[in-house]
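J.: Sharing a sequence plus its predicted fold:
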Amino acid sequence: LADRVQYPAFHSRIMSADEAAALIPAGAHVGMSGFTGAGYPKAVPAALAARIERLNREGHGFRIGLWTGASTAPELDGALARVDGIDMRLPYQSDPTCRAQINAGQMQYVDLHLSHVAQYVWFGFLGALDVAVVEVAGVLPDGRLIPASSVGNNKTWLDQAQKIILEVNTWHSPGLEGMHDIYYGTDRPPHRVPIPMTEPHQRIGEPYLRCDPDKVVAVVPTHQPDRNTTYAAPDANSQQIAAHLLDFLQHEVRRGRLPPGLLPLQSGVGNIANAVLAGLDGGPFKGLAAYTEVLQDGMLALLRSGTLATASATAVSLSPEAMEDFNARIDFYRERIVLRPQEISNHPELIRRMGLIAMNGMIEADIYGNVNSTHIMGSAIMNGIGGSGDFARNAYLSVFMTPSLAKGGAISCIVPMVSHVDHTEHDVQILVTEQGLADLRGLSPTQRAAQIIERCAHPDFRPALHDYLARARRGAVGQHTPHLLDEALSWHQRFVRTGSMRGV
Ligand code: 0RQ
């Protein structure tokens, strides 16, 4: 460990996870590292969960407010949720136990745009941050920190927390050093200045996290891998969605609306996103750039083949096999990958300036192009908005993708009215399902509806959607965005009642 913790004053603060967890008080706001299963603390959350369970058994009612970068892992979110230890969670999560507690009304969940989190803390909107628990790959002789496989909100946690607990995880490759770019030029209004970045791969900061050593109360050694993320081989639907999108991008290049090397790509997480990336490989595009949140297996493959020249993100979330490759060729990847704080990877100013092509998954869209990314039947949270809103509103092109059917065909992902809105029609330009692609740019709501129903809806549901639109055009109070208010959400209601949207 001595070669990973080179700052002498920290040696006396090395302790067990149990001792460190005892320094976290009940009711604390705790900022933990971690972004899509990468770079989260692995030992202190488990020790804290054990402590909470013990104290709660004695009737102490011990819970914390848990803030992170994005989703973490069963050892963090899962462990704390299982002992009923989380009072309030923010921002993005995808843990089954958390999800169940949120949907049972037992855990408060504030679903923020990922680019907003850090600044909300600086603004004081969320209250004081009491403790930071941050995983790092090492500590330099002067006390600066080598970040691990994600940066997320760590810069803000270290800066704002009153107490800091560091987990130094020797499992991370020492070769991560130099891959990060931590920008310290952000400020609060009215003192903000332009962020000096015009290219996705540009480095504008420094490779290390600054940390006031006096605030560090514990240093906990660990040696544990990040959560394993496995990706399914692309299925037929994903491949068709990818094919429609690739045709469209080539069409846009031919029309002169995209340059031959495209524009920087942002890709959401999940199997469809991975399939789109796989589709890009072996295609006509070479030397592309990614400016995104999370690097998945697909992005590494693109870097190796040269389809992608560079990639910027805030986290590396890989399968075990891809992680092996990442560590084995870390010098190759370090030349091509930059990991940044999430307020920079998702910054609206940069997304707008560089003109991103944003491609994200969705749960459902309606005939006018409003998109629901987060809620099932209007009420139950799935994960959260994540970075999709940061990218969709500010991108050059904003694309949302889904298979046209869900739950074995019982659900149409194209509905008369979405049951929850994350991305309004104003932020959605392109919708893609395995059926086809609807290009909504420059279309009025009723023109959009015709495109979406014909191009994206499943043929089983098309007649009912056409019928709804036709009747709305006769019966609505206005003809700009015609709706039948007592019917607009009836498809969801039917699903809740009967288990299927069919039988319209
Ligand atoms: O549930 O597993 O219980 O069957 O939703 O759906 O088809 O596996 O798709 O993994 O791509 O996730 C929007 C959730 C899509 C994701 C969402 C059910 C379906 C399944 C998942 P089951 P799929 P994906 C940057 C971008 C928001 C954050 C974001 C997401 C489950 O993309 O969380 O974009 N996005 N971040 O059965 C009822 C429907 C449904 C439905 C799907 N219409 N009704 N259930 N499902 N459609 C990354 C970050 O921000 C970190």
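T.: Here it is on my side, so go on. Numbers count the residues shown, from 1 in each chain.

J.: Can you name the residues of the stretch 401-504 of the chain sitting close to the ligand?
T.: Contact residues, the stretch 401-504 of the chain versus the ligand (CB under 6 Å from any ligand atom): A406, K407, I411, C413. Where you see a C-beta, it was placed from the backbone N, CA and C, and this is true even at glycine.

J.: now, among the residues you listed, which is nearest to the ligand?
T.: A406 (3.5 Å; CB to the nearest ligand atom).

J.: partner residues bridging that closest one?
T.: I411 (DSSP bridges).

J.: circling back to that earlier point, let me have the residues of the stretch 401-504 of the chain next to the ligand in CSV, extended by neighbour count and pLDDT.
T.: Shown next, in CSV, are these (neighbours: other CB atoms under 10 Å; pLDDT from 0 to 100):
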residue, neighbour count, pLDDT
A406, 16, 97
K407, 12, 97
I411, 23, 98
C413, 23, 98
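
J.: which of these sit farthest apart?
T.: K407 and C413 (9.9 Å; CB to CB).

J.: ok, A243 - contacts?
T.: A243 is in contact with G279, counting by CB atoms under 8 Å, 6 or more residues apart in numbering.

J.: so how far is P234 from it?
T.: Taking CB to CB, to the nearest Å as the measure, A243 falls 11 Å from P234.

J.: same thing with T310?
T.: In terms of CB to CB, T310 sits 24 Å off from P234.

J.: residues near the closest residue to G298 other than its chain neighbours, how many?
T.: Sequence neighbours aside, L277 is the residue nearest to G298 in space, at 3.2 Å (criterion: CB to CB, 6 or more residues apart in numbering). Neighbour count of L277, defined by other CB atoms under 10 Å: 24.

J.: now the helices: where do they sit in the stretch 51-200 of the chain?
T.: Counting by DSSP state H, counting those that start in this stretch, the stretch 51-200 of the chain has helices at residues 79-82, 96-103, 117-123, 154-160.

J.: For I385, list the residues it contacts.
T.: I385 touches Y92, D111, L112, H113, S373, T374, D422, counting by CB under 8 Å, 6+ apart.

J.: Can you add pLDDT, distance to H480 and neighbour count and give those residues back as a markdown table?
T.: A markdown table is the format used below for these (pLDDT from 0 to 100; distance: CB to CB, whole Å; neighbours: other CB atoms under 10 Å):
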| residue | pLDDT | distance to H480 | neighbour count |
| --- | --- | --- | --- |
| Y92 | 97 | 34 | 27 |
| D111 | 98 | 30 | 20 |
| L112 | 98 | 31 | 18 |
| H113 | 98 | 28 | 21 |
| S373 | 97 | 25 | 27 |
| T374 | 98 | 26 | 21 |
| D422 | 98 | 22 | 25 |
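
J.: of the residues you listed, closest to S71?
T.: Y92 (5.6 Å).

J.: The closest one and S388: what is the separation?
T.: 10 Å.

J.: related to what we said a few turns ago, quick one: common contacting residues for A243 and P234?
T.: With CB under 8 Å, 6+ apart as the test, A243 and P234 both reach G279.

J.: I'd like the distance between R51 and R471.
T.: Distance from R51 to R471, by CB to CB: 60 Å.

J.: Between those two, which has more neighbouring residues?
T.: Legend: neighbour count by other CB under 10 Å for R51 and R471, higher for R51 (18 against 13).
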